[in-house]
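# structure for the following, please:
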Amino acid sequence: MLDAAAYLDGEFAEHEDVVRRTRAMMGANFARLVDMAEASLRAGGKLLLFGNGGSAGDAQHIATELTVRYVADRAPIAAIALTTDTSALTAIGNDLGFEQVFARQVAALGRPGDLAIGISTSGKSPNVLAGLATARALGLSTAALGGKDGGALGAHADVALIVPSDTTARIQEMHITIGQALCGALEKRLGLVT
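Numbering: from 1, shown residues only. Below you'll find the predicted structure:
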């Protein structure tokens, strides 16, 4: 029979280890991500976020924090999660193939100067990679959140923040922490909160 308390203790121990390792290696790439996002927003651009499953939820969470509020009431920050329009997702998936669900939306909505942020715990999601490739081809800046060995994200992103873990749950925990830190940093960088 499962000892639930011991199981939870093991989950926390693994989480704490991944937090420590992520914190030790992520600083420079996180600073670069903040710089890229700030530059895009100051130039009138927007952030386009996308991923599958839990990463889709992270894209939506981050976009919501930016467009509504994170720390305090302030002006909105331009961000769109490309995972929310079920009509577009199903039409693109049906008509063009699931691998095109993000690339097609990036082609329709992205403009040079925008920042596309692809999220994939494995770094191997074909539709995320296609979305980043399309963004890059159209002159957008590109960033990625990944895990494990990073997969192919590094080849498609100007900056890739790769969580040093092979456990999907731990990678996702770090992605939302990084995403929320991005929101807080942008609020301060853009002078929207003190």
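
# from now on I want contacts and neighbour counts done on CA atoms only, so please keep to that.
Noted.

# which strands or helices does the longest helix along the chain pack on?
If you go by DSSP state H, the chain has its longest helix at helix 4-42. Judged by 3 or more CA pairs under 8 Å, 6 or more residues apart in numbering; DSSP states H and E, the packing partners of helix 4-42 are strand 47-51, strand 115-119, strand 159-162, helix 168-189.

# now do the buried residues in that helix.
Across helix 4-42, burial judged by 16 or more other CA atoms under 10 Å covers 15, 18-19, 22, 26, 29-30, 32-34, 36-41.

# which residues touch the spatially most central residue of the chain?
When CA atoms, centre = their mean is applied to the chain, the residue found nearest the centroid is Ile119 (4.4 Å). Applying CA atoms under 8 Å, 6 or more residues apart in numbering to Ile119 gives the contacts 49-52, 55-56, 59, 128, 144-146.

# go on, Pro126?
Neighbours of Pro126 in contact, by CA under 8 Å, 6+ apart: Glu99.

# that older thread, roughly how far out does the longest helix of the chain sit from the chain middle?
12 Å (CA atoms, centre = their mean, to the nearest Å).

# try stretch 34-43
The answer for stretch 34-43 is 15 Å, by CA atoms, centre = their mean.

# same check on stretch 169-179?
That offset, for stretch 169-179, works out to 10 Å (CA atoms, centre = their mean).

# other residues contacting that stretch?
For stretch 169-179, contacts defined as CA under 8 Å, 6+ apart pick out 14-15, 18-19, 22, 30, 54-55, 58, 62, 121, 145-147, 163-165.
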